[in-house]
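>>> generate a structure from the sequence data that follows.
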Amino acid sequence: MDGHSYEFMRLNIPVIDEQHQGLFELIDELGQMDVSSTRKQKVGMMLSRLIEYAHHHFQTEEKLFIINRYPDMNEHIAEHDHYEFMLRMRWKDFNNIHDDDQEALSVLIETLNRYLLTWWGQHIADKDRLYVEYIHNTDIDEE
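Below is the predicted model:
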């Protein structure tokens, strides 16, 4: 997803928008991997980056929820927890792939890429937009 097509997902909370953009850039990078020439180790590094980046992003959002006393915070955090659980499951799937099984690696990348694009698109459009009115009144520094 290029920067132009991301515009419709902007929430106008700079730190959140920057992190969302960074996540979509990582997802694009994953989707552009040529499995025929990509070693399993490189895919593992990308999966690890996606997990770490999302975790950092969720911490940022959750800090905003606390500062603003967002009333649906627990429901939103449960969405984050489920996402992280799903990525841990994909990590287990990844670890079960034999180093030279390019077909299984290709299926994992394709499936994961589709999941990530769908999840993030829906999450931003449906869930993140719900807290925007609360967050626009808060200014925090990204740590």
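
>>> report the central residue of the chain.
A54 (4.7 Å; CA atoms, centre = their mean).

>>> give me the helices and strands touching whatever helix or strand that one lives in, please.
Using DSSP states H and E, the element containing A54 is helix 40-68. Under the contact definition 3 or more CB pairs under 8 Å, 6 or more residues apart in numbering; DSSP states H and E, helix 40-68 sits against helix 14-31, helix 73-95, helix 102-122, helix 129-135. In this view, the C-beta of every residue, glycine as well, is placed from N, C-alpha and C.

>>> quick check: the residue sitting furthest away from the middle of the chain vs E61, distance?
In the chain, counting by CA atoms, centre = their mean, D100 sits farthest out from the average C-alpha position, at 27.3 Å. Note on D100: its distance to E61, by CB to CB, to the nearest Å, is 39 Å.

>>> to K40, which of the helices and strands packed on helix 40-68 lies closest?
Ranking the helices and strands packed on helix 40-68 by proximity to K40 (CB to CB) places helix 102-122 first, at 6.1 Å.

>>> relative to helix 14-31, how tilted is that closest one?
Counting by axes from the mean of the first three to the mean of the last three CA atoms, to 10 degrees, helix 102-122 lies at 160 degrees to helix 14-31.

>>> chain center to helix 102-122: distance?
12 Å (CA atoms, centre = their mean, to the nearest Å).

>>> other residues contacting it?
The contact list for helix 102-122, computed with CB atoms under 8 Å, 6 or more residues apart in numbering, reads 1, 9, 20, 23-24, 27, 30-31, 33, 35-36, 38, 40, 43, 47, 50, 83, 86, 90, 93-94, 97-98.
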